[in-house]
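Asks: Structure for this input, please:
(chains A, B, C and D)
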There are 2 protein chains.
Amino acid sequence: MATIYEVSKAAGVSLATVSRVINKNAAVSPKTREKVEQAMVELGYRPNTIAQSLASSKSNSVGVLVSELDSPFFGEMMSGIETELRSAGKQVIFAAGHNTEKVEKESIEFLLSRFCDALIIHIEQTPNDYLVELSKGKVPVYLINRYLEPLKQRCVYMNNELGGYRATKFAIDKGHKNIAYLCGPEYKDDAMERLKGYQRALEEAGIDYDESLIVKGDYSERSGSEQFSILYQRTQNFSALVCGNDEMASGAMKEARDLGLDIPRAISIIGFDNTSFAKYLYPQLTTIDNPVGEMGKMAAKLVLNEVYEQKHLVQHYFEPELVERSSVLTV
Amino acid sequence: MATIYEVSKAAGVSLATVSRVINKNAAVSPKTREKVEQAMVELGYRPNTIAQSLASSKSNSVGVLVSELDSPFFGEMMSGIETELRSAGKQVIFAAGHNTEKVEKESIEFLLSRFCDALIIHIEQTPNDYLVELSKGKVPVYLINRYLEPLKQRCVYMNNELGGYRATKFAIDKGHKNIAYLCGPEYKDDAMERLKGYQRALEEAGIDYDESLIVKGDYSERSGSEQFSILYQRTQNFSALVCGNDEMASGAMKEARDLGLDIPRAISIIGFDNTSFAKYLYPQLTTIDNPVGEMGKMAAKLVLNEVYEQKHLVQHYFEPELVERSSVLTV
DNA sequence: TTGTAGGCGTTATCAA
DNA sequence: TTGATAACGCCTACAA
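Replies: Predicted structure coming up:
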């Protein structure tokens, strides 16, 4: 592999000049630039990114930490991040946190040990304090789906409360009055926010909040089935069910059908997140779109702006939109 | 950040000695080793991976090229690879080929430019010749789901023909005699192999192969719906449908239901791949498990063995197993 | 606008 | 078993 040195010899200039045309930062006369560029193509020169990193103490790589690599939710996010960063010539290193505080922290350490220029993080278990502390270090930390006041300039987040509200409002607008809610786990902020949105929509419509219509799962499909069964045994006095996420919605649908209930005729169901499989369900699931791919791109742009001095338009706050399909009946 | 130099001073030894204890390759007396190790923890020393790479011309990173980052299929594969490589302290760089020869080649270039020590590739568009040529270069190339004779020591693949056979055989064993087949695109080898398996199972059971029972989609859900509709208009003389993958199976199920056909009572359906959403479908899809996560791990182990001189047990060939769920009726 | 030279943090070759 | 010291390929003041 040709080095910068060989190029400089071939072009009859100095090392420094070649470096300048590579980095396009300092002024080089058009003539010399051309000579150098020609020498580069002739020699098939490709800069050694590792040497560049060592000399500039920039690795041109950004670390991304997600809970799981094999999840439709994170898949979309990773895809958004990779697209954006790749087209800027930056490398992305993905690591999985597997929903354990221990592994999450190890992954952060790993990413740091690879000298990432920035970290993009979307995880659940690691406490806020740790992240705030971490971001005081050299490497800037960007958060997706978490809002931390001290890091707000580096957060990209969606209004979960509004999502819960819109889902519920949609059911109300379709004529439903008795609307149950299948909530996510209590320790997840987004789950609690979505529930609040449900409550606000009811209140606004003058519908009393009824504890007996609320069940709590853990975001898994299985818990969706279980909780639906519990709910249905407790009361059959509801015509619609709003779910904290699509997995639980899927589980609920399955259980409902096993109980002989037609969807949406007997019960309307609304999900949350618009994960890729939502459209594979039958009937296709009406749900709230979580623009996680967009948020990934946005986090990438923040990094590009702040770490690599580029200039992208930037937005921290996202709103979820309802996606109407076929799982809700007008009554 | 402490450097090796500071450690050497603190421990009262030379640079070289510190390097030796880091790399555990050369002999160091227990006493000096201890001194050095203590100095390392006291200074909180962490080797600079970039400098290591530059000096050793090993980046300790392996590039992985898949078609899409946001797909349940590749998600599993990536997860398998990452788990295996991470625990060996190697870094993984994922890139997406987006099913275009152009992007695939660019991605390979990108990965190469990052000095990956090896490439793990699972893509569709890039021709075999190119890959063979590529693997003559310095960087070893490992292939998942492709068998190329000249690269067979670096291939990890599954018997697709056997998968098609087992799917069809299962339907036959359940008493079905008129079995349709929804085939994947012709330019994909695995699709053609699966079809062959279907044919072999029929032949073995003494059932005539009937062209009119074959339709061809492109592996997408939409094509599954379309092709089912075409098939059903052409003939209703089948009680089971074997599909080239789960997406098409899902589409077919949807279309069948829209036509008023109950699954599995009117029509039994079998998928292929056992993608994560197969169990979200209703009824849950009986399908052929594609051990793509295992194959990812295996490719990673091959790399570990050949590139990083480790010793893992290795296997190139995988067989697909049938996963029975609820979409097939016994007749 | 261009060149010189020191430095980035390791590894690896030779001697000792 | 240990220590000097020259790479590794590039960036970046500083000088010219």
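
Asks: So what sits opposite residue A:287 in the bridge?
Replies: residue A:323 (DSSP bridges).

Asks: Let me know whether it touches residue A:276 as I believe.
Replies: No: between residue A:287 and residue A:276 there is no contact, the gap being 11.3 Å when judged by CB atoms under 8 Å. Quick note: C-beta positions are derived from backbone N, CA and C, even for glycine.

Asks: Neighbour count for those two, which is higher?
Replies: Higher neighbour count among residue A:287 and residue A:276: residue A:287, with 29 against 18, using other CB atoms under 10 Å in any protein chain shown.

Asks: The more buried one and residue A:24: what is the separation?
Replies: Distance, residue A:287 to residue A:24, using CB to CB, to the nearest Å: 46 Å.

Asks: how about the strands in chain A?
Replies: A:61-66, A:91-96, A:118-121, A:141-144, A:155-158, A:179-183, A:214-216, A:240-243, A:268-270, A:287-289, A:317-318, A:321-323 (DSSP state E).

Asks: Which one, of these, ends up nearest to DNA strand C?
Replies: Closest approach to DNA strand C among the strands of chain A (CB to the nearest atom of the strand): strand A:61-66, 16.4 Å.

Asks: pLDDT of the closest one, averaged?
Replies: The average pLDDT for strand A:61-66 rounds to 95.

Asks: Flag the shaky bits of the stretch 101-250 of chain A, pLDDT-wise.
Replies: Flagging of the stretch 101-250 of chain A using pLDDT under 70 yields an empty set of residue ranges.

Asks: how does chain A divide into domains?
Replies: According to automatic domain parsing, chain A comprises the domains A:4-47, A:59-158+A:292-319, A:160-290.

Asks: out of those, nearest to residue B:269?
Replies: Closest to residue B:269 of the domains of chain A, according to CB to CB: domain A:160-290, at 12.3 Å.

Asks: and the closest one, how far apart are its ends?
Replies: 9 Å (CA to CA, to the nearest Å).

Asks: What of stretch A:58-75?
Replies: 27 Å.

Asks: ok, now which ones touch residue A:166?
Replies: A:197, A:201, A:288, A:320, A:321, A:322 (CB atoms under 8 Å, 6 or more residues apart in numbering or on different chains).

Asks: How many residues are close by the residue of the stretch 101-250 of chain A found nearest chain B?
Replies: Of all residues in the stretch 101-250 of chain A, residue A:250 sits closest to chain B, at 4.7 Å by CB to the nearest CB. Per other CB under 10 Å, the neighbour tally for residue A:250 reads 28.

Asks: what's the answer for residue A:98, then?
Replies: Counted with other CB under 10 Å, residues neighbouring residue A:98 total 18.

Asks: pretty sure it contacts residue A:67?
Replies: Yes: if you go by CB under 8 Å, residue A:98 and residue A:67 touch, sitting 6.8 Å apart.

Asks: want to try JSON lines for the strands of chain A, with distance to residue A:132 as columns?
Replies: Listed next are the strands of chain A as JSON lines, based on distance: least, CB to CB, whole Å:
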{"stretch": "strand A:61-66", "distance to residue A:132": "16"}
{"stretch": "strand A:91-96", "distance to residue A:132": "20"}
{"stretch": "strand A:118-121", "distance to residue A:132": "12"}
{"stretch": "strand A:141-144", "distance to residue A:132": "9"}
{"stretch": "strand A:155-158", "distance to residue A:132": "12"}
{"stretch": "strand A:179-183", "distance to residue A:132": "28"}
{"stretch": "strand A:214-216", "distance to residue A:132": "29"}
{"stretch": "strand A:240-243", "distance to residue A:132": "32"}
{"stretch": "strand A:268-270", "distance to residue A:132": "35"}
{"stretch": "strand A:287-289", "distance to residue A:132": "29"}
{"stretch": "strand A:317-318", "distance to residue A:132": "20"}
{"stretch": "strand A:321-323", "distance to residue A:132": "31"}
